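# What follows is a predicted protein model with its sequence.
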Amino acid sequence: QVQLVESGGGLVQAGGSLRLSCAASGRTASSYAMGWFRQAPEKEREFVAAISWSGGKTYYADSVKGRFTISRDNAKNTVYLQMNSLKPDDTAVYYCAATQIVYYSDRYWSFWGQGSQVTVSS
């Protein structure tokens with residue numbers, strides 16, 4: 001089992017930055033690929049970014065490429081999502097997730113955090 005706890009959400013103006021953190025606990029947490037999904041009101045949950053267990057490979061949705069950066073520190077069992085140049089369309093609840101194999105669909109991710117609200121004002 002892997003437990004995930006997100007932090008770092010909040011309210012920011014358009015063009016601003018936020019950094020989300022996800023602390024993972026569990027015996028094998030560092031062996032999982034980690035990712036971020038988001039869900040805006042009345043929309044389906046969508047893939048944002050993911051990183052392999054080693055940190056050597058990263059994946060991004062086209063909508064965030066060049067603005068968001070995912071990273072991880074396995075010594076701290078923590079994954080980060082640095083979000084720059086935020087837009088009102090980025091407003092959503094952001095979820096941290098863990099999986100053995102990265103998929104863009106949320107159906108195949110095994111463990112989930114409780115979510116962190118990010119609100120971008122125009």
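Great, that's in hand.
# use CA for all of it now, contacts and neighbours both
Fine.
# Leaving out sequence neighbours, find the closest residue to the most centrally placed residue in the chain.
Closest to where the C-alpha atoms of the chain average out (CA atoms, centre = their mean) is W36, at 2.3 Å. Distances taken as CA to CA, 6 or more residues apart in numbering place C96 nearest to W36, at 4.7 Å, with adjacent residues excluded.
# right, and the helix or strand after the host helix or strand of the one you found?
For C96, the element it lies in under DSSP states H and E is strand 92-99. Using DSSP H and E, the helix or strand that follows strand 92-99 in sequence is strand 111-112.
# which residues sit in contact with the nearest residue to Y108 once chain neighbours are set aside?
Spatial nearest neighbour of Y108, excluding adjacent residues (CA to CA, 6+ apart): T99 at 7.3 Å. Listed by CA atoms under 8 Å, 6 or more residues apart in numbering, the contact partners of T99 are Y32, A33, M34, Y108, W109, S110, F111.
# what's the pLDDT at T99?
According to the prediction, T99 has pLDDT 94.
# just the contacts of T99 now: which is nearest R67?
Distance to R67, by CA to CA, is smallest for M34 among the contacts of T99, at 18.5 Å.
# And the closest residue to the closest one other than its chain neighbours, how far from G66?
Closest residue to M34 in three dimensions, ignoring its sequence neighbours and counting by CA to CA, 6+ apart: A98, at 4.5 Å. Using CA to CA, to the nearest Å, we find A98 at a distance of 23 Å from G66.
# So for those two, which sits in the more crowded spot?
Using other CA atoms under 10 Å, the more surrounded residue of A98 and G66 is A98, with 28 against 12.
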